[in-house]
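Trainee: only geometry, no sequence info:
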């Protein structure tokens, strides 16, 4: 592409239109393209650019090669009153995950709680998006997934677990949902790549080399270094919990059996696992009473004394909702790396990058 690519401001609607066109040009049916587009553009509007439309190029490549199937829909492979097992049949991870969240909400409406575990899925993007979908229905939502190993365990020489994200969202009544989305790694692998590309040093605590020693040499990652687990044994333990619920219990691939959605064989399914939990607040407590209690909790945290120089304390999700309102009013300012990825997706899909 020769010249440097600058940041680009784009409206939410225009970005949605472009994603939809690339997906349908790659063979995706219109309802599935709409579902996937929403799951990609929403994180960008939150300012979470690592898990938004930057992923589109990789998905489109896998769609064209057949590793992601366009001729199937996720199906219920087993269920009871408060649970379900979903077989994604190698459809887009966003399609399968949205279907699973809807099923968890249906189960929660019947039983108060709904747990859904998923196999034969693929990379699903931002875990927080699916937790937020549940919160929109008056549920406390939890979402998680497994991935190919990239994170060390205490004492390991190499990666043992995936970066295994987990997210929760809690409805806030008239306020914004409280929303946390995190992986079990100290830092996202993409941040290691970005620092290397910019020639910046890798901070201590991010990486472990192939002998299990801390390293700040970003050039070793990912072939000869792993991401350090968040909080040492605590992050490792949470990652194992996610692996059990999303991978072992669902029948999905586990650890090294999980395919690489971005670098692996584009013709082969990855068989990622995922799991979702919806808790129907209104089944346990009168909804308005719950919202009053949440508002009181938020107010207490906001009013807590702060350290010198620190502004008001914030809750998880506050920055994202502030970014969303700015994006709705002014558009999304896409970073240069996202613009470059979208430009490649456009060229490979023969779909003009007009946004």
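Mentor: Yep, that arrived. What you see is a predicted model; the values in this text were computed from it and never measured.
Trainee: Need the contact partners of the lowest-mean-pLDDT helix or strand in the chain.
Mentor: Among the helices and strands of the chain, helix 189-198 carries the lowest confidence by mean pLDDT, DSSP states H and E, at a mean of 82. The contact list for helix 189-198 (CB atoms under 8 Å, 6 or more residues apart in numbering) reads 50, 150, 163, 201-202, 206-207, 218-219, 221-222, 227, 337. Quick note: C-beta positions are derived from backbone N, CA and C, even for glycine.
Trainee: repeat for stretch 236-243
Mentor: Outside stretch 236-243, the residues that touch it by CB under 8 Å, 6+ apart are 144-146, 151, 153-154, 160-166, 184, 229-230, 254-255, 275.
Trainee: and if we set it to 10 Å?
Mentor: 127, 144-147, 149, 151-156, 160-166, 182-185, 228-231, 248-249, 252, 254-255, 258, 273-275 (CB atoms under 10 Å, 6 or more residues apart in numbering).
Trainee: how close does the residue nearest to residue 98 when sequence neighbours are not counted sit to residue 16?
Mentor: Distance criterion CB to CB, 6 or more residues apart in numbering; nearest residue to residue 98, sequence neighbours excluded, is residue 35 at 5.0 Å. To residue 16, residue 35 is 12 Å away according to CB to CB, to the nearest Å.
Trainee: Also residue 223?
Mentor: 37 Å.
Trainee: Kindly report the same for residue 337.
Mentor: For residue 337, the distance to residue 16 equals 20 Å [CB to CB].
Trainee: Give me the more crowded residue out of the two.
Mentor: Set side by side, residue 337 and residue 16 show more neighbours around residue 16, with 21 against 17, by other CB atoms under 10 Å.
Trainee: tell me the contacts of the more buried one?
Mentor: Per CB under 10 Å, 6+ apart, neighbours of residue 16: 10, 34, 37, 38, 40, 41, 42, 44, 45, 53, 355.
Trainee: mind redoing it with 8 Å?
Mentor: 37, 38, 41.
Trainee: And for residue 202?
Mentor: Contact analysis of residue 202 by CB under 8 Å, 6+ apart lists 192, 195, 196, 215, 216, 217, 218.
Trainee: are any of these buried, and which?
Mentor: Buried members of these, counted by 16 or more other CB atoms under 10 Å: 192, 195, 196, 215, 218.
Trainee: now residue 239, nearest residue through space, not along the chain?
Mentor: Per CB to CB, 6+ apart, closest to residue 239 is residue 184, 3.8 Å.
Trainee: Quick check: phi and psi on the one you found?
Mentor: For residue 184, the backbone dihedrals (degrees, to the nearest 10) come out as phi -90, psi 0.
Trainee: residues near it, how many?
Mentor: Residue 184 has 26 neighbours, counted by other CB under 10 Å.
Trainee: What of the one 3 residues further on?
Mentor: For residue 187, the neighbour count with other CB under 10 Å is 18.
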